[in-house]
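Novice: Using only what follows, build the 3D model:
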Amino acid sequence: MSEIEESKPPRFHPLVRILLTMAGMFGFVAAGIAVSLIVMPFGLHSEVAGLFSVAGMAAGAIGVAALLRRFVDRRPVRPVRRSSPWSASGALLTGVVLAAAVMGLVKVVRVLFLGDTWQAFPMSGWVLAGLLALRGLVILLGQAFPEELLFRGYLFSSLSRQWPRWAVVTAVSVSFGVLHVISNPGADADLGFRLLYAVMATGLGLAVAACRAYGGTIWLAVGFHTGHNLTAGALGTSAYDWSLLLSGAALAGFGTVLLLLDRRRSRRAGNAVPTATAVAAGPAA
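Specialist: Residues are numbered from 1 along each chain as shown. All right, here's what the predicted structure looks like:
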C-alpha cells in the first residue's frame, strides 16, 4: 500500500458514502437471490440451497465493500485485516455470549413486567443444538457478517478518516436503523411498528458499533449481531410490538457502557481521542 494512495481523500461527501453503503445492502441481497436462482435447477434440499444463498450474500458483501473502498475511498483493496483464527473465533463467541446476556435480560424484564411467558422448545439435546448451530450459521453468513462488513467495516473506517468517533458511531447506527424500516418489515407490520423496529435496529447499530470500537475489528460486532438475531428469535423478543423499545433501550445501553469503557481504556493508554489516521488504518474493510 503506498502512502500516496492511502492519503487520497474519498471521492464523495460522507453523506453520499452513507447512502452508497445503504444501497450496498441491496447489492449483497441481490447476490444471494442470484445464487438461489443458479442452484434452483439442481433440486437441492431447501436447507442446502439456503446455505448456498447466504454464502452468496456474504461473498456479495465482500465484493461491494471492495468496490466502495477502491473506487469511492480511493484506497487499495484489501480484506479484513488478518487475525489469527483463534482471535477471530474468540471475538465471535464473546459477541454471541454478550448478545445472549443482553437479550436474556430483556426477556426477564418482559416476563416480570409485560406479561410475557417462557416458551419450551419443541425439541432438546443434540437436535436442538444442531438446529441452533445451523440457524446461527445462516444468520452469520446472510445477515451479521455482510451487514457488519459494510456498516461497521467499510463505513466505520471511511467516516473515521474525517469525523470524530462520536459522529461515526452515530452515523453508522442511525443509517443502519433507518434502513430497517424497509429491509425487515414483518408481514403484518404497519408503518408505526416498522418505525419501532427501526428504533430497535438503531439500538442494535449502536451496540455493534461499540463492539467495533472496543474490539478493534469487526469480529466482536459480527458475533454480537449473530447472537442478537439468534437469541431474539429463540426467546421471542423480536415480535413487532411496543416491547421493541425495551430491546432498543437495552441494546443502546449496552453500547453506551462499552463505549465508555473504551474511552476509559484509551485515556489510561494516553490516547483519549484516536486520530482519524489511526482508525482508518485499522482492521476494517
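Novice: For the helix or strand hosting Leu92, name the packing helices and strands.
Specialist: Using DSSP states H and E, Leu92 maps to helix 85-113. Judged by 3 or more Cβ pairs under 8 Å, 6 or more residues apart in numbering; DSSP states H and E, the packing partners of helix 85-113 are helix 191-215, helix 219-235, helix 244-268. Any C-beta I mention is one placed from the backbone N, CA and C, and that applies to glycine too.
Novice: pLDDT below threshold where in this structure?
Specialist: Confidence mapping of the chain against pLDDT under 70 gives the ranges 1-7, 79-83, 184-189, 271-285.
Novice: Pull the number of nearby residues for the residue lying closest to Leu134 once chain neighbours are set aside.
Specialist: Among residues not flanking Leu134 along the chain, Glu47 sits closest, at 7.2 Å (Cβ to Cβ, 6 or more residues apart in numbering). By other Cβ atoms under 10 Å, 9 other residues sit near Glu47.
Novice: I'd like the numbering to begin with 42 instead of 1 from here.
Specialist: Okay, residue one is now 42; in that scheme the one you just asked about reads as Glu88.
Novice: Distance of Glu88 relative to Thr267?
Specialist: Separation of Glu88 from Thr267 (Cβ to Cβ, to the nearest Å) stands at 18 Å.
Novice: center of the chain, which residue is that?
Specialist: By Cα atoms, centre = their mean, the chain has its centre lying nearest to Glu189, at 3.7 Å.
Novice: Tell me who's in contact with that residue.
Specialist: 249, 253, 259, 262-263, 266 (Cβ atoms under 8 Å, 6 or more residues apart in numbering).
Novice: Show me which of these are buried.
Specialist: Among those, those classed as buried by 16 or more other Cβ atoms under 10 Å are 249, 253, 259, 262-263, 266.
Novice: and the two most separated of the residues you listed?
Specialist: Arg253 and His266 (10.4 Å; Cβ to Cβ).
Novice: circling back: now name the helix or strand holding the residue nearest to the centre of the chain.
Specialist: Counting by DSSP H and E, Glu189 is found in helix 186-189.
Novice: rewinding a little: would you tell me what the next helix or strand after the helix holding Leu133 is?
Specialist: From helix 126-154, the next helix or strand downstream (DSSP H and E) is helix 166-180.
Novice: Counting by contacts, list what that next one packs against.
Specialist: Secondary elements touching helix 166-180 (3+ Cβ pairs under 8 Å, 6+ apart): helix 87-108, helix 260-276.
Novice: Can you check what angle separates the helix holding Leu133 from helix 166-180?
Specialist: Interaxial angle, helix 126-154 versus helix 166-180 (axes from the mean of the first three to the mean of the last three Cα atoms, to 10 degrees): 110 degrees.
Novice: in helix 126-154, what's buried?
Specialist: Using 16+ other Cβ under 10 Å as the test for burial, helix 126-154 gives 129, 132-133, 135-137, 139-141, 143-144, 147-148, 150-151.
Novice: And for stretch 207-219?
Specialist: Buried, per 16+ other Cβ under 10 Å, within stretch 207-219: 209-219.
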